[in-house]
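K.L.:
sharing a model prediction with you, sequence too.
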Amino acid sequence: MFVAIVGSDSMGDISIDDVYFTSGSCKDSGAIGDSCSFTDMTQCGFTQNATASSLTWRTYSGGSNQLQTTPISYDHTTGTSSGSYVYVDLENQGEKLNGRLYSQLYSAVKNDSYCLEFYYVLLGSNNTFTVYSESSTGSNRPIFTRNYDHGLIWNKGEATISALSSFRINFEIYTGYYRKGFVALDDYSLKEGQCSFQSNECTFDDGTLCSWTNAKDNTFDWLLHTGSTPTISTGPDGDHSTL
């Protein structure tokens, strides 16, 4: 049950989006079916290879010191400066450098599908952010790529993976000639099945409230809406799902 309480000033809006349930307790993990908010990238099974990479992914964990050195001061998970994410600062790093972040190796059943979801920040118009599905033999297949400035916001990325054998996920940032930019990664998850609407997830994009209903004794009802809220200077400019 979600409860909205009106204060003394009746102006304003309250919004919710992307409600979903998963079995088990909340935990930070990179295993299939779990999610990683990068409180500790090694706990989620992520590694780096210094011989194969020129750049290093670092963990942002909040605090006044890091607020001064990273362009985005809040994570995607909590929306606050006390959260965590991993990032690479590309300022004055040089041209044609790469930073690779590897997930753990996943055992796959032949022809099964998996849905990769994550949130990212990408600054700089001349850098390329690519996600690969890497086989156990080292063969890389690009499944997601972006190479233009997406602004200082968290964007959702997703890709369906059809695996023939064991695989891992490889996140790579590659620098261009401007020597400026920033990339960050948060809320990684890998789930069984294709990326599509799930029965345990509601994005409210199909024009329904899914299985949610308004209480009969409500003073105010929850309403479906698209775009910015009708009240000036309140609420979001759009939904969370398609940011």
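P.N.:
Structure received. None of the values given here were measured: they were computed from a predicted structure. Numbers count the residues shown, from 1 in each chain.
K.L.:
what about the closest residue to Leu209 other than its chain neighbours, distance to Ile14?
P.N.:
Of all residues not flanking Leu209 in the chain, Leu224 sits nearest, at 6.8 Å (Cβ to Cβ, 6 or more residues apart in numbering). The way it works is simple: take the backbone N, C-alpha and C, and place the C-beta from them, glycine included. According to Cβ to Cβ, to the nearest Å, Leu224 stands 14 Å off from Ile14.
K.L.:
go on, Ser135?
P.N.:
Ser135 is 46 Å from Ile14, by Cβ to Cβ.
K.L.:
between the two, tell me which one has more neighbours.
P.N.:
Comparing Ser135 with Ile14 by other Cβ atoms under 10 Å, the one with more neighbours is Ser135, at 17 against 14.
K.L.:
bridged to the more buried one, which residues?
P.N.:
Beta-bridge partners for Ser135, by DSSP bridges, are Phe167.
K.L.:
need the contact list for it.
P.N.:
Neighbouring residues of Ser135 by Cβ atoms under 8 Å, 6 or more residues apart in numbering: 141, 164-167.
K.L.:
what subset of those residues is buried?
P.N.:
With neighbours counted using 16 or more other Cβ atoms under 10 Å, the contacts of Ser135 contain these buried positions: Phe167.
K.L.:
of all the contacts of Ser135, which two lie farthest apart?
P.N.:
Farthest-apart pair in the contacts of Ser135 is Arg141 and Ser166; separation 13.8 Å (Cβ to Cβ).
K.L.:
strands of this protein, residue ranges please.
P.N.:
Counting by DSSP state E, the chain has strands at residues 19-20, 35-36, 58-60, 85-89, 98-102, 112-123, 128-135, 140-146, 151-163, 167-174, 182-192, 201-202.
K.L.:
partners of the longest one, with directions?
P.N.:
Which is strand 151-163. According to DSSP bridges, strand 151-163 forms sheet pairs with strand 112-123 (antiparallel).
K.L.:
output the partner strand as CSV, nothing but the C-alphas.
P.N.:
Backbone C-alpha positions of strand 112-123 (Å, rounded to 0.1, in the frame of the first residue of the first chain) are rendered in CSV as follows:
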residue,chain,number,x,y,z
ASP,A,112,18.4,-19.6,-23.3
SER,A,113,17.8,-15.8,-23.2
TYR,A,114,18.9,-13.3,-20.5
CYS,A,115,17.9,-9.7,-20.0
LEU,A,116,20.7,-7.3,-19.0
GLU,A,117,19.6,-4.1,-17.4
PHE,A,118,21.7,-1.2,-16.0
TYR,A,119,21.8,2.6,-15.6
TYR,A,120,24.5,4.8,-16.9
VAL,A,121,25.7,8.4,-17.2
LEU,A,122,27.7,9.3,-20.3
LEU,A,123,29.3,12.8,-20.8
